[in-house]
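Trainee: What follows is a predicted protein model with its sequence.
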Amino acid sequence: MKSAVAQDRDAARDIDRRPASLFTPADTAAVDYARDLGDPGQFPYTRGIHASGYGGKLWTMRQFAGFGTAADTNQRYRELLAAGGTGLSVAFDLPTLMGRDPDHPLSLGEVGKCGVSVVTLADMEALFAGIDLGAVTTSMTINAPASMLFAMYLVVAERQGVSWDRLSGTIQNDILKEFIAQKEYIYPPRLSMRLVVDTFRFCAERVPRWNTISVSGYHIREAGSTAAQELAFTLRDGVEYVQWGVDAGLDVDTFVPRISFFFNAHNDFFEEIAKYRAARRIWARVMRDRFGARSEKSWQLRFHTQTAGVSLTAQQPYNNVVRTALQALAGVLGGTNSLHTNSLDEALALPTTEAATLALRTQQVIAHESGVTSVVDPLGGSWYVEALTNRIEAEALDYFDRIDRMGGMVAAIEQGYPQREIAESAYRHQRAVDEQRTLVVGVNAFVAEQESRLPILYIDDSVGEMQVASVAAVKANRDNARVTAALGAMQDAARADGPLMEPILDAVREYATVGEMCDALRDVWGEYEERAEF
């Protein structure tokens with residue numbers, strides 16, 4: 001019987017290989033250095049927004065974490081910070097993401113499973129117990145109920161004695177990608193945009209260091225888009241948010257510098273690097289030329305990167321360490337400003353402490369042992385990378401033109417356009433995997449007869465029972481008349497087209513639940529139901 005090595009060698013011999021492409025100076029003949037590249041730190045920022053690259057400061061190592069109760073996740077945060085993590089990133093469970101309390105019938109079996117359960121201010125207080133919010137940056141991946149969770153964070157800071165003008169971090173707050181890809185929306189698109197724009201207004205006035213939105217291509221890519229589609233739809237979402245802010249009377253240079261982006265780092269190493277370079281160039285030109293932004297801060301695209309969860313496999317899970325390392329390196333060579341590396345066990349369950357620590361160590365090895373941070377934009381000038389950057393930019397701008405002709409991204413979403421494009425791309429990819437035109441090691445090539453077994457972090461339904469009891473206790477000890485009045489004030493503001501963050505903050509201080517606050521707006525705005533696409 002052949003050894004596993006011999007079987008792999010024979011399998012590799014049977015797989016057709018396309019001839020490798022060759023790139024020459026002719027492929028970059030149209031590239032003008034001053035116009036298209038510039039030095040790092042100079043418009044159009046293709047080579048990075050900082051002249052010194054990572055010479056002055058490394059990217060933020062921000063590991064995404066959340067599970068079970070707030071106390072459970074608080075312990076994981078402390079472990080990550082002790083291991084050298086430099087930022088926190090909150091994963092919320094599905095009921096929280098959908099604006100439902102743990103005792104809602106639709107929450108059954110989901111509480112604390114894919115993230116932490118946060119229902120009232122009491123949970124947010126427990127989540128950050130013993131962590132100085134003035135000394136860490138925090139990212140929160142929440143969209144439809146983003147204003148409510150952000151308000152809880154602000155009140156926790158308030159009670160810690162940390163002034164809001166010292167707070168630094170990001171609320172994802174990107175509702176458009178929910179309609180496009182992840183589907184965790186509540187209200188109709190145009191009404192949802194009111195909440196986003198109101199956050200822009202509020203933070204410009206009260207929380208000036210906070211990133212008010214993280215425009216997310218990550219979930220667009222996870223849903224099956226190509227790299228060019230991820231870039232196009234993400235940046236065009238960003239343009240839509242800016243237009244809505246301007247239409248609401250906000251000055252571009254007041255709120256755009258606090259817009260950040262969130263991209264995927266997928267398997268095609270050079271394509272991902274080119275994607276990030278093209279993103280910076282497109283954004284710089286659009287902000288300056290389309291919106292007339294005068295501040296360099298408005299031109300400079302800042303982005304977080306997460307390695308591709310969809311690329312991880314349950315089969316041969318240790319291969320995921322290699323995938324993640326290559327994807328993380330692409331993010332670094334592309335100039336990411338912060339980075340999350342996925343854990344090897346995420347195709348099976350939530351990460352164990354050991355797997356999460358190894359994922360963080362992957363970033364630390366790249367930062368401190370690989371030598372790549374000692375050179376600014378080391379791939380700049382590569383005939384292949386520059387040609388690829390131009391190609392992805394052109395594909396993205398072609399999507400811009402189509403969406404503009406439809407009347408903008410909200411109108412395109414209402415027509416189902418980006419949803420159809422992503423679905424078709426996902427279908428083509430799966431066909432390629434099924435037909436072995438695209439190889440996935442351990443899945444449709446180099447398959448092992450016996451799989452490795454990993455320890456699993458299991459969250460049982462007792463978390464849901466604990467959260468239901470906890471919410472009941474909060475309701476029994478709060479002033480329910482004041483809660484009712486605060487929820488009524490939220491509804492009055494929603495009907496009158498008034499500012500929403502202030503009444504939301506008042507409701508949070510009275511320990512209103514996420515479900516109660518979201519239901520207050522549901523009663524006024526209704527729930528969105530996506531039309532069927534075939």
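Mentor: Okay, I see it. Numbers count the residues shown, from 1 in each chain.

Trainee: how far is stretch 28-43 from where the chain is centred?
Mentor: The chain centre lies 29 Å from the centre of stretch 28-43; the measure is Cα atoms, centre = their mean, to the nearest Å.

Trainee: residues making contact with it?
Mentor: For stretch 28-43, contacts defined as Cβ atoms under 8 Å, 6 or more residues apart in numbering pick out 44-53, 281, 284, 288, 296, 299, 376-377, 380, 383, 386-387, 390. In this view, the C-beta of every residue, glycine as well, is placed from N, C-alpha and C.

Trainee: Out of the residues you listed, which end up buried?
Mentor: The neighbour-count test (16 or more other Cβ atoms under 10 Å) marks 44-50, 53, 281, 284, 288, 296, 299, 376-377, 380, 383, 386-387, 390 as buried among the contacts of stretch 28-43.

Trainee: From those, which land in helices?
Mentor: If you go by DSSP state H, the buried ones among the contacts of stretch 28-43 have 281, 284, 296, 299, 383, 386, 387, 390 in helices.

Trainee: biggest separation within these, which pair?
Mentor: Using Cβ to Cβ, the two most remote members of those are 296 and 383, lying 29.3 Å apart.

Trainee: Could you look up the SS state of the residue lying closest to residue 472 once chain neighbours are set aside?
Mentor: Nearest non-adjacent residue to residue 472, counting by Cβ to Cβ, 6 or more residues apart in numbering: residue 103, 7.9 Å away. Here residue 103 is recorded as coil under DSSP: H, G, I helix; E, B strand; the rest coil.

Trainee: re earlier: okay if I get the ones in helices among the buried ones among the contacts of stretch 28-43 as JSON lines plus distance to residue 227 and pLDDT?
Mentor: Listed next are these as JSON lines, based on distance: Cβ to Cβ, whole Å; pLDDT from 0 to 100:
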{"residue": "281", "distance to residue 227": "15", "pLDDT": "98"}
{"residue": "284", "distance to residue 227": "19", "pLDDT": "98"}
{"residue": "296", "distance to residue 227": "27", "pLDDT": "98"}
{"residue": "299", "distance to residue 227": "23", "pLDDT": "98"}
{"residue": "383", "distance to residue 227": "19", "pLDDT": "97"}
{"residue": "386", "distance to residue 227": "16", "pLDDT": "97"}
{"residue": "387", "distance to residue 227": "15", "pLDDT": "97"}
{"residue": "390", "distance to residue 227": "14", "pLDDT": "97"}
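
Trainee: Out of those residues, which is nearest to residue 488?
Mentor: residue 299 (43.1 Å).

Trainee: so who does the residue lying closest to the closest one once chain neighbours are set aside touch?
Mentor: Counting by Cβ to Cβ, 6+ apart, residue 299 lies nearest to residue 284, which is 4.3 Å off, once chain neighbours are set aside. By Cβ under 8 Å, 6+ apart, residue 284 lies in contact with 43, 44, 45, 299, 300, 301.

Trainee: how much space is there between residue 121 and residue 261?
Mentor: 30 Å (Cβ to Cβ, to the nearest Å).

Trainee: Tell me which stretches of the protein form strands.
Mentor: For the chain, the strands defined by DSSP state E occupy 60-65, 87-91, 137-141, 168-171, 210-211, 213-216, 259-265, 303-307, 338-340.

Trainee: Neighbouring strands - and their directions - for the second one?
Mentor: For strand 87-91, sheet partners with direction are given as strand 60-65 (parallel), strand 137-141 (parallel), following DSSP bridges.

Trainee: Let me have the ones you listed in a markdown table, adding distance to residue 424, mean pLDDT and mean neighbour count as columns.
Mentor: A markdown table is the format used below for these (distance: least, Cβ to Cβ, whole Å; pLDDT from 0 to 100; neighbours: other Cβ atoms under 10 Å):
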| stretch | distance to residue 424 | mean pLDDT | mean neighbour count |
| --- | --- | --- | --- |
| strand 60-65 | 29 | 87 | 24 |
| strand 137-141 | 27 | 94 | 23 |
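
Trainee: Is it possible to get JSON lines of those that adds distance to residue 163?
Mentor: Supplementary listing: the strands paired with strand 87-91 in JSON lines, determined by distance: least, Cβ to Cβ, whole Å:
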{"stretch": "strand 60-65", "distance to residue 163": "22"}
{"stretch": "strand 137-141", "distance to residue 163": "16"}
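
Trainee: number of nearby residues for the residue nearest to residue 472?
Mentor: Neighbour count for residue 103, taken as other Cβ atoms under 10 Å: 18.

Trainee: give me every residue that touches it.
Mentor: By Cβ under 8 Å, 6+ apart, the contact list for residue 103 reads 468, 471, 472.

Trainee: Just give me the closest of the contacts of residue 284 to residue 441.
Mentor: Nearest to residue 441, judged by Cβ to Cβ, of the contacts of residue 284 is residue 301 at 33.0 Å.

Trainee: From residue 284, how far out is that closest one?
Mentor: Here the distance between residue 301 and residue 284 works out to 7 Å (Cβ to Cβ).

Trainee: list the contacts for residue 56?
Mentor: Residue 56 neighbours (Cβ under 8 Å, 6+ apart): residue 50.

Trainee: Need phi/psi at it.
Mentor: When read as degrees, to the nearest 10, the backbone of residue 56 gives phi -90, psi -30.
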